[in-house]
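Trainee: my questions are about this predicted structure, shown below with the sequence.
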Amino acid sequence: MNTQVDALLQPNEGAQQSYYNFCRRYLPELLRLEQLISAYGNSLKINVLTRLVHNDQVLPVHGVVMGNSAVNVPVVALVGGVHGVERIGTQILLAFLENLCKRLQWDASLHEELKHLRLVFVPLLNPIGMAQGWRANGNGVDLMRNAPLDARESAAWMVGGQRFSHHLPWYRGEPGAPMQYEAQALCTLVEQQLFPAPFSMVLDVHSGFGVRDRLWFPFAGSTEPLEHLAEISSLSDLLDETFPHHTYLMEPQFDHYLSHGDLWDFLYLRSLDAPERVFLPLTLEIGSWLWVKKNPRQMIRFSGLFNPLVPHRRQRALRRHQMLLEFLMHAARSAPAWLPEGKRRTHQQLKAIKAWYD
């Protein structure tokens, strides 16, 4: 694998043109990300998390960091493209990244914000899946079923992860095999950039479920309350108080199905090794069935089940979630002001159990 990557990375004008043509046809999102990196690289720290080979093309998985690099500042990670067919998540994060890059040219308040905060972007984790229009990666593995973690209770049949065949959806990978390169790269990034911070959050953007936008928190593989349920509940209250007319529904992921190998369950459990650390992974599950309901012709195309195909609905999706991303930035920076402690934390925990687990 590495030898093949090294050979294909040799400087070659023809290879560069071939890469550009491939991305322009199959991966315009990757091309747009690299254009932003080229235009605003002085304001960003760029990491290539891993490189993947597909059709003689070397496709990088980029991590983009902006803000304070100190280990003691809060961190927000924004992840998209885990499932290749769900392009809208990547597009939303690219729109937000572009907005921030352009504002850095003139917005003094944003510069001040980033002195106290670090943002980590992984807009496109699964480029081969996106190029192919697949949910899985190039090996047919569903990255959100790939962590070495079994559900602690009975998982949903098939949809909760299966090991029968990579030709079927929700394939977990071979038992005992290492995690896929993309999943390993994401875990390494979280461990390096988020785990050292006293407070960190993740928003992983997905689509393809329901008619309402949902914010899921762990666990996906258990119906037990997570250790930081009080903090999740306080964040939910903060969102309700700040934006009383928002339409997000915050809930534990197991409310709908239990699954094996969830990366955020895996990383959250790893984060508990340091009790003083608060790590809150969230999944934004965009209610893409509403697009199908409004335009049943979307069902003709597989991608139409996950992405808005009508231009004005795509534009609306790119706009409407910017508020949530900004909110998470401000909430992370100001975490000491709203994180519950002492009796308030106990009260918040009991309130959350009654609301979500009663």
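Mentor: Cool, got the structure.
Trainee: quick check: closest non-adjacent residue to residue 299.
Mentor: residue 292 (5.9 Å; Cβ to Cβ, 6 or more residues apart in numbering). To be clear about C-beta, it is placed using only N, CA and C from the backbone, and glycine gets the same treatment.
Trainee: that neighbour and residue 301 touch, don't they?
Mentor: No - using Cβ atoms under 8 Å as the test, residue 292 is too far from residue 301 to be in contact (10.6 Å).
Trainee: neighbour count for these two, which is higher?
Mentor: Relative neighbour count places residue 292 above the other of residue 292 and residue 301, with 17 against 12, counting by other Cβ atoms under 10 Å.
Trainee: list the contacts for the more buried one?
Mentor: Taking Cβ atoms under 8 Å, 6 or more residues apart in numbering, we find residue 292 in contact with 298-299, 304-305.
Trainee: circling back: and the residue nearest to residue 299, how far from residue 91?
Mentor: 18 Å (Cβ to Cβ, to the nearest Å).
Trainee: before we move on, what SS does the nearest residue to residue 151 once chain neighbours are set aside have?
Mentor: Counting by Cβ to Cβ, 6+ apart, residue 221 is the residue found nearest to residue 151 once chain neighbours are left out, at 3.5 Å. Here residue 221 is recorded as coil under DSSP: H, G, I helix; E, B strand; the rest coil.
Trainee: over to residue 297?
Mentor: Classified using three-state DSSP, residue 297 is helix.
Trainee: burial measure for it, as a count.
Mentor: Burial of residue 297 is recorded as 10 neighbouring residues (other Cβ under 10 Å).
Trainee: list the contacts for it?
Mentor: Taking Cβ under 8 Å, 6+ apart, we find residue 297 in contact with residue 304.
Trainee: how about a cut-off of 10 Å?
Mentor: Residue 297 is in contact with 304, 309-310, counting by Cβ atoms under 10 Å, 6 or more residues apart in numbering.
Trainee: compare the residues you listed and tell me which has the most neighbours.
Mentor: Neighbour counts for these peak at residue 304, which has 18 neighbours (criterion: other Cβ under 10 Å).
Trainee: ramachandran coordinates for residue 65?
Mentor: Main-chain torsions, residue 65, degrees, to the nearest 10: phi -120, psi 140.
Trainee: now the helices for the stretch 101-250 of the chain?
Mentor: Using DSSP state H, counting those that start in this stretch, the helices assigned to the stretch 101-250 of the chain run over residues 108-114, 127-132, 181-193, 229-242.
Trainee: hmm, back to that, the residue nearest to residue 151: how many residues sit nearby?
Mentor: Neighbour tally, residue 221, other Cβ under 10 Å: 25.
Trainee: how close does it get to residue 326?
Mentor: Noted for residue 221: a distance of 31 Å to residue 326, by Cβ to Cβ.
Trainee: surely residue 93 and residue 82 touch.
Mentor: No - at 11.5 Å, residue 93 does not count as touching residue 82 under the criterion of Cβ atoms under 10 Å.
Trainee: what do the two both touch?
Mentor: The contact sets of residue 93 and residue 82 overlap at 122, 124, 205 (Cβ under 10 Å, 6+ apart).
Trainee: for residue 156, state which of these is nearest.
Mentor: Checking those against residue 156 with Cβ to Cβ, the nearest one is residue 205 at 22.0 Å.
Trainee: and residue 61, what element?
Mentor: strand 57-67 (DSSP states H and E).
Trainee: pretty sure residue 58 contacts residue 30?
Mentor: No - with contact defined as Cβ under 10 Å, residue 58 does not reach residue 30; the gap is 11.4 Å.
Trainee: more neighbours: which of those two?
Mentor: Neighbour tally, residue 58 and residue 30, criterion other Cβ under 10 Å: the higher count belongs to residue 30, 25 against 16.
Trainee: fine by me, we can end here.
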